[in-house]
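> would you be able to build a 3D model of this:
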Amino acid sequence: MDEKRLMTMNIVSNLLNAYYTAKNSFCIVNQKEPELKEREELFKTVIRSFENLSTSYFKDIEDIAEGISK
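Residues are numbered from 1 along each chain as shown. Just a heads-up that it's a prediction; the model follows:
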C-alpha cells in the first residue's frame, strides 16, 4: 500500500471515529438514537472541526505531504 493511500485511510478512520464518538455522546445525553437530520448535523460538526484543525495546522500538513510525495 502506498503512503498516500495509507494517509487517506488514516484521515477517514479519524473522521469516522470522531463521528461515532459524537453520535455516542448524543445517544447518552438524549437517551435515543439521532434522527437522520440530527446525524447529518453531527457529521457536519465533525467535518467543520476537521476543517478548522486542517486550517490551523496547514503548514504542518503541507510539510508532511511534501515528504510523502518525494
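
> what strand or helix carries the residue nearest in space to the middle of the chain?
In the chain, the centroid-proximal residue (CA atoms, centre = their mean) is Leu15; its distance is 2.4 Å. Following DSSP states H and E, one finds Leu15 within helix 3-30.

> helices and strands around that helix, which ones?
helix 36-56, helix 58-69 (3 or more CB pairs under 8 Å, 6 or more residues apart in numbering; DSSP states H and E). The way it works is simple: take the backbone N, C-alpha and C, and place the C-beta from them, glycine included.

> please convert the ones you listed to CSV, extending it with distance to Ser25 and mean neighbour count.
Output for these, formatted as CSV (distance: least, CB to CB, whole Å; neighbours: other CB atoms under 10 Å):
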stretch, distance to Ser25, mean neighbour count
helix 36-56, 9, 12
helix 58-69, 27, 11
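
> among the ones you listed, which comes closest to Cys27?
Taking CB to CB, helix 36-56 is the member of those nearest to Cys27, at 10.3 Å.

> what does the closest one contact?
Helix 36-56 is contacted from outside by 14-15, 18-19, 22-23, 26, 34, 61, using CB atoms under 8 Å, 6 or more residues apart in numbering.

> okay, now the unreliable bits of the chain?
Applying pLDDT under 70 to the chain flags the ranges 1, 69-70.

> can you rerun that using 50?
Within the chain, no stretch has pLDDT under 50.

> so can I have CSV of the helices and strands packed on helix 3-30 showing distance to Lys4?
As requested, the helices and strands packed on helix 3-30 are exported to CSV (distance: least, CB to CB, whole Å):
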stretch, distance to Lys4
helix 36-56, 16
helix 58-69, 6
